[in-house]
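> predicted structure and sequence below. I'll ask about it afterward.
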Amino acid sequence: MTFTPEQDDLRASVRKLLDREAEPWPALCAQVGVAALTVPERFGGFATEPAPRPADPAHRAGPRRPSSPARSAVPGSPEHAIGLTEVQIVAEELGRNLTDVPFLGSSVLAVTSLLGTTDTNATDTEALARLLPALAEGTVGALAWTADGRWDPLQPVFTADGSVVDGTAHYVLDAAGADVLLAAARTSDGPALFEVDPAHPGVRCEPVPTMDETRHLATVTLDRVRARPLGPVDLARVRDVACAVLAAEQAGAASRALELTVEYTRQRVQFGRPIGSFQALKHRMADLHVLVETARSAAYAAPASPRLAAVAKVHCSEAFAEVAAEMIQLHGGIAITWDHPAHRYFKRAHAAAQLFGAPHHHLPRVHP
């Protein structure tokens, strides 16, 4: 894989910031502009749209875009188009540190669902112009969609009767702290997206305990809530983008887990020599290196097609789980104590594998 100098700078900026900031989300948004990477330029973000449209001053009004030391070219210019690769680079770095930020739930899921609305009427455009600039600045958004953990793009959990939405969604990322709440609902014309007021008395958001304490999930119940229709939504596209970004996060976490394991085997001495010098452990770590590199390749290939997004979801989930399990084994007893991060990688691996559908749910898309 080859990255541009701007992409390398973005990676370095994010890594450096995560090393120094205990609460990195405000700095990631203000200094690097990570929340704006998925938002098109005409709505105050950095993302380059495939087919540029005439600028509308009303759309470009709003909060000033955060500056980014990683961007040396004009947004959308031919020498540096901002796309999903930059989003994946950020996700990979966040995965390395198991960083607790709402990037996946807000900047990826919420923004992609808004951009996935296929209705182009005036009301829909006005909603995008109102919501996307705030999300580009770091306002947290959430998308409520599934009940059974399959994230079926044709069967969102909510039902809509006109503008009244009803139902209960589970596994909603970052919903508890969201200022923008979106709900995907079944309508007579197919899946559609609705904007819900989080303060509405019919909205109930209940945080749920998770195995991975750095991933915040909630159950969202809408009791016949009157919401704002935003138009039909392409949930298949939303799922594929989410799988591609999650795969990059998993590859980054697996890579860091392997780095920590190799470092430990160089320091841990048994029978008068570092345990990493034993041939059996060399072979195991070589196999893990292959898993990490193939996972990374699969992740960055994922945006090319829905099938490759499914391949990345399956392979990166399984690769990260295996690397995390070997990390536990090769660290010994210290790996399951709070004093060492190994158990956190293990928990993230198994929790992330279930997001946006378990690997076996995606296998039919890999082998149709």
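Thanks, I have the structure now. Numbering: from 1, shown residues only.
> partner strands of whichever helix or strand residue 221 is part of and their direction?
Per DSSP states H and E, residue 221 falls inside strand 217-226. Here strand 217-226 is paired, per DSSP bridges, with strand 164-173 (antiparallel), strand 203-208 (antiparallel).
> mean confidence score for the longest one?
What that stands for is strand 164-173. Across strand 164-173, the average pLDDT comes to 97.
> mind listing what's buried in that strand?
Using 16 or more other CB atoms under 10 Å as the test for burial, strand 164-173 gives 165-167, 169-173. All C-beta atoms are positioned from the backbone trio N, CA, C, and that covers glycine.
> can I get those residues in JSON lines including distance to residue 198?
JSON lines is the format used below for these (distance: CB to CB, whole Å):
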{"residue": "165", "distance to residue 198": "13"}
{"residue": "166", "distance to residue 198": "16"}
{"residue": "167", "distance to residue 198": "16"}
{"residue": "169", "distance to residue 198": "13"}
{"residue": "170", "distance to residue 198": "17"}
{"residue": "171", "distance to residue 198": "17"}
{"residue": "172", "distance to residue 198": "11"}
{"residue": "173", "distance to residue 198": "14"}
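> A strand includes residue 143, no?
Yes: applying DSSP: H, G, I helix; E, B strand; the rest coil, one finds residue 143 inside a strand.
> what is the end-to-end distance of stretch 178-195?
Stretch 178-195 has an end-to-end distance of 12 Å (criterion: CA to CA, to the nearest Å).
> what about that stretch, distance to the chain center?
Centre-to-centre, stretch 178-195 and its host chain are 19 Å apart (CA atoms, centre = their mean, to the nearest Å).
> low-confidence ranges, the protein, go.
50-81, 118-124 (pLDDT under 70).
> which parts of the lengthiest helix in it are buried?
Counting by DSSP state H, the longest helix found in the chain is helix 235-267. By neighbour count on 16+ other CB under 10 Å, the buried set for helix 235-267 is 235-258, 260-261, 264-265.
> pull the contacting residues for the most centrally placed residue in the chain.
Of all residues in the chain, the one closest to the mean position by CA atoms, centre = their mean is residue 104, 2.8 Å from it. When contacts are counted by CB atoms under 8 Å, 6 or more residues apart in numbering, residue 104 touches 91, 173, 242, 245-246, 249.
> ok, of those residues, which one's closest to residue 318?
Nearest to residue 318 out of the contacts of residue 104 is residue 246 (CB to CB; 13.3 Å).
> assess the claim that that closest one and residue 320 are in contact.
No: using CB atoms under 8 Å as the test, residue 246 is too far from residue 320 to be in contact (10.2 Å).
> what's the overlap in contacts for the two?
residue 352.
> Provide a list of residues in contact with residue 142.
By CB under 8 Å, 6+ apart, residue 142 lies in contact with 105-106, 109-110, 172-175, 178, 180-182, 218, 220.
> where do the strands sit along this structure?
141-144, 158-161, 164-173, 180-187, 190-196, 203-208, 217-226, 228-232, 269-270, 273-274 (DSSP state E).
> can you put those in JSON lines and add distance to residue 23?
Formatted as JSON lines, the strands of the chain follow (distance: least, CB to CB, whole Å):
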{"stretch": "strand 141-144", "distance to residue 23": "19"}
{"stretch": "strand 158-161", "distance to residue 23": "33"}
{"stretch": "strand 164-173", "distance to residue 23": "18"}
{"stretch": "strand 180-187", "distance to residue 23": "21"}
{"stretch": "strand 190-196", "distance to residue 23": "27"}
{"stretch": "strand 203-208", "distance to residue 23": "19"}
{"stretch": "strand 217-226", "distance to residue 23": "20"}
{"stretch": "strand 228-232", "distance to residue 23": "31"}
{"stretch": "strand 269-270", "distance to residue 23": "38"}
{"stretch": "strand 273-274", "distance to residue 23": "37"}
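> deepest-packed of the ones you listed, please.
Mean neighbours per residue, mean count of other CB atoms under 10 Å, is largest over the strands of the chain for strand 141-144, with a mean of 31.
> paired strands for that strand, with orientation please.
Sheet pairing of strand 141-144 (DSSP bridges) gives strand 180-187 (parallel).
> what's the end-to-end length of stretch 103-116?
18 Å.
> one more: stretch 25-42?
23 Å.
> can you point out the buried residues in it?
25, 27-29, 31-42.
> what's the answer for stretch 144-153, then?
144-147, 151-153.
> could you dump those residues into JSON lines with distance to residue 114 added?
Shown next, in JSON lines, are these (distance: CB to CB, whole Å):
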{"residue": "144", "distance to residue 114": "14"}
{"residue": "145", "distance to residue 114": "13"}
{"residue": "146", "distance to residue 114": "18"}
{"residue": "147", "distance to residue 114": "22"}
{"residue": "151", "distance to residue 114": "17"}
{"residue": "152", "distance to residue 114": "20"}
{"residue": "153", "distance to residue 114": "16"}
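> quick check, nearest of the contacts of residue 104 to residue 192?
Distances from residue 192 to the contacts of residue 104, taken by CB to CB, are shortest for residue 242, at 18.5 Å.
> nearest residue to the closest one other than its sequence neighbours?
residue 356 (5.0 Å; CB to CB, 6 or more residues apart in numbering).
> and the gap between the one you found and residue 267?
With the distance defined as CB to CB, to the nearest Å, residue 356 ends up 37 Å from residue 267.
> please apply the same query to residue 23.
In terms of CB to CB, residue 23 sits 31 Å off from residue 267.
> tell me how far the residue nearest to residue 25 when sequence neighbours are not counted lies from residue 35.
Closest residue to residue 25 apart from its sequence neighbours, by CB to CB, 6+ apart: residue 101 at 4.4 Å. As defined by CB to CB, residue 101 lies at a distance of 9 Å from residue 35.
> alright, I will stop here.
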